[in-house]
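Enquirer: dropping the sequence and predicted coords here.
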Amino acid sequence: QVKLAEYGEVFMDVIREYLQQHPEVVKKPQPAYQQKRRSKSHPSSAQTSDTLTETLMLAREGLDAEGIAERRGLKSTTVSSHLEKLFLQQEKGMDIMQFFAPDVFAEIAEQFTVHGLTRLKPVVEALGGKVSYEQARIVRGYLTGSDEP
């Protein structure tokens, strides 16, 4: 929280500048992995499900992904999937920097500019295992759902 208050805006400025210099990482057509068909028994609604809402509330409290997983008794893969969806839906009140150190975020984002937003494996492998698939998934959701240039 202290780091976020002290450095958050500076890091966000760096990220905004990066995204302006690399517009190809945002505003892509929705890849097939994000397009889900809903059955007739599952309502087609833009509303966030109850489980996503719980994750969102904890994220808004400032918990990181591990903290959310621990509090909810979920696997980290489930929480990263929730966070990706929430960023894709452009939910307000979540700050990408609560989940990443700025340098880690920038490295992951850069690899998405090189490898595209469709697959996680090339991004994770390009970073030599320094980041997890869960981290890459969250950044992909942010980059894909971001309104910022």
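Expert: Good, I have the coordinates.
Enquirer: where along the chain do the helices fall?
Expert: For the chain, the helices defined by DSSP state H cover 2-21, 50-60, 65-72, 76-88, 102-115, 121-126, 133-145.
Enquirer: for these, which has the smallest mean pLDDT value?
Expert: Least confident of the helices of the chain, judged by mean pLDDT, is helix 2-21 with a mean of 73.
Enquirer: so who does G145 touch?
Expert: The contact partners of G145, taken as Cβ atoms under 8 Å, 6 or more residues apart in numbering, are 87-90. No exception for glycine: its C-beta is placed from N, CA and C like everyone else's.
Enquirer: quick check: the closest residue to it other than its chain neighbours vs M94, distance?
Expert: Sequence neighbours aside, L88 is the residue nearest to G145 in space, at 4.2 Å (criterion: Cβ to Cβ, 6 or more residues apart in numbering). Note on L88: its distance to M94, by Cβ to Cβ, to the nearest Å, is 12 Å.
Enquirer: just checking, the residue nearest to G145 touches G141?
Expert: Yes - with contact defined as Cβ atoms under 8 Å, L88 reaches G141; the gap is 5.0 Å.
Enquirer: these two - which one has more neighbours?
Expert: Legend: neighbour count by other Cβ atoms under 10 Å for L88 and G141, higher for G141 (24 against 17).
Enquirer: what sits against that one?
Expert: Listed by Cβ under 8 Å, 6+ apart, the contact partners of G141 are 83-88.
Enquirer: would you check that Y133 makes contact with L120?
Expert: Yes - counting by Cβ under 8 Å, Y133 does reach L120; the two are 5.2 Å apart.
Enquirer: which of those two has more residues huddled nearby?
Expert: L120 (22 against 14).
Enquirer: quick one: which of the contacts of G145 is most hemmed in?
Expert: F87 (23 neighbours).
Enquirer: setting aside sequence neighbours, what's the nearest residue to the most centrally placed residue in the chain?
Expert: The chain has I138 as the residue nearest its centroid, 2.7 Å off, counting by Cα atoms, centre = their mean. Spatial nearest neighbour of I138, chain neighbours left out: L83 (4.7 Å); criterion: Cβ to Cβ, 6+ apart.
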